[in-house]
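Okay, here's the prediction I keep looking at, along with the sequence it came from:
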Amino acid sequence: VRDGIAAVFAEGSSGEQALGQLEAALASTGNAAGLTSAQLLEMASQLRDGSMFSTEEIVAAQTRLLSYTDVAGKEFPRAMQIIIDQSQRLGVGVEQSAEIVGKALQSPADAMTTLGRQGFKLADGQKQLIERLMATGKTAEAQAIIMDMLSEAYGGSAAAARLGTAAGLWKTLQDTIGDFAGTVADSGSFEYVKTKLGEVNDAIKQM
């Protein structure tokens, strides 16, 4: 019973913290991405099911990417897929990967120079094309060129780590157990535990 309560509380608490930060990012950016917290959580759940990352890790990456307000809402899902693929391939944290991709999409022309130094093959005139697109307000088109390059380099990495591997099967089991704990938390158990913790805290203060 103790371990069950601990699992429910841990699941509810981590989800609550991640959601709180996500909603704070949406508010502070004036919801520039044009996405609701419910849409972002659904996206995070789908990305989790095709990767080795937790929902909370992916939500943290979404929260970081939201700070780059020039990333168009319609490009957000593709950018997030690139983030988890890059994270898996390079072995960096998902939030760190979101920082890298966010910077690249915020300033595509600068990103071309950085990608060239990292060994990416650049077609003749690509940087000039991106500069022209940015100058004429076609930011989404410029970002698409950057994402094409990143997708070509890292695409499929997250799915390859998850599907058909022993680690992936174990992750699926963990996710199923986590979903169950989350469902129990949503049923009111988490709020009950929070209430009891508040009562204990009040009692200690009185003592």
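The structure has been received and is ready for your questions. This one's a predicted model, so the numbers in the text were calculated from it and none came from an experiment. Residues are numbered from 1 along each chain as shown.

Point out where this structure drops to low pLDDT.
Filtered on pLDDT under 70, the chain yields the residue ranges 1-15, 168, 170, 172-173, 175-194.

what number of residues lie near residue 200?
Burial measure for residue 200: 10 neighbouring residues, criterion other Cβ atoms under 10 Å. To be clear about C-beta, it is placed using only N, CA and C from the backbone, and glycine gets the same treatment.

Can you tell me the SS state at it?
Put simply, residue 200 is helix when judged by DSSP: H, G, I helix; E, B strand; the rest coil.

Now do it against residue 75, distance only.
Distance of residue 200 to residue 75, given as Cβ to Cβ, to the nearest Å: 47 Å.

Repeat that for residue 201.
Separation of residue 201 from residue 75 (Cβ to Cβ) stands at 45 Å.

who has more neighbours, the two?
The residue with more neighbours, out of residue 201 and residue 75, is residue 75; 18 against 10, by other Cβ under 10 Å.

residue boundaries of the helices in the chain?
According to DSSP state H, the chain carries its helices in the segments 2-28, 37-49, 55-66, 76-90, 94-106, 108-117, 126-135, 139-154, 157-162, 166-184, 190-206.

Now residue 29: closest residue in space that isn't a chain neighbour?
Sequence neighbours aside, residue 69 is the residue nearest to residue 29 in space, at 5.2 Å (criterion: Cβ to Cβ, 6 or more residues apart in numbering).

Backbone dihedrals for the one you found, both of them.
Torsion angles at residue 69 (phi, psi; degrees, to the nearest 10) stand at phi -70, psi -10.

what's the closest non-adjacent residue to residue 151?
Nearest to residue 151 is residue 82, by Cβ to Cβ, 6+ apart, at 5.9 Å.

Also residue 32?
Per Cβ to Cβ, 6+ apart, closest to residue 32 is residue 69, 4.0 Å.

does that neighbour really touch residue 28, like I thought?
No - contact criterion Cβ atoms under 8 Å: residue 69 and residue 28 do not qualify, at 9.8 Å.

Residue 120 and residue 149 touch, don't they?
Yes - Residue 120 lies in contact with residue 149 (Cβ under 8 Å); the separation is 5.7 Å.

Kindly tell me how buried residue 126 is, as a neighbour count.
Neighbours of residue 126 using other Cβ under 10 Å come to 19.

er, residue 162 I mean
For residue 162, the count of nearby residues is 20 (other Cβ under 10 Å).

do the same with residue 26
19.

how much space between it and residue 19?
11 Å.

any common contacting residues for the two?
Contact criterion Cβ atoms under 8 Å, 6 or more residues apart in numbering; residues shared by residue 26 and residue 19: residue 37.

hang on, the earlier thing: state the distance from the residue nearest to residue 32 to residue 106.
8 Å.

okay, the two: which has more neighbours?
Neighbours were tallied for residue 69 and for residue 106 using other Cβ under 10 Å; the higher tally belongs to residue 106 (17 against 14).
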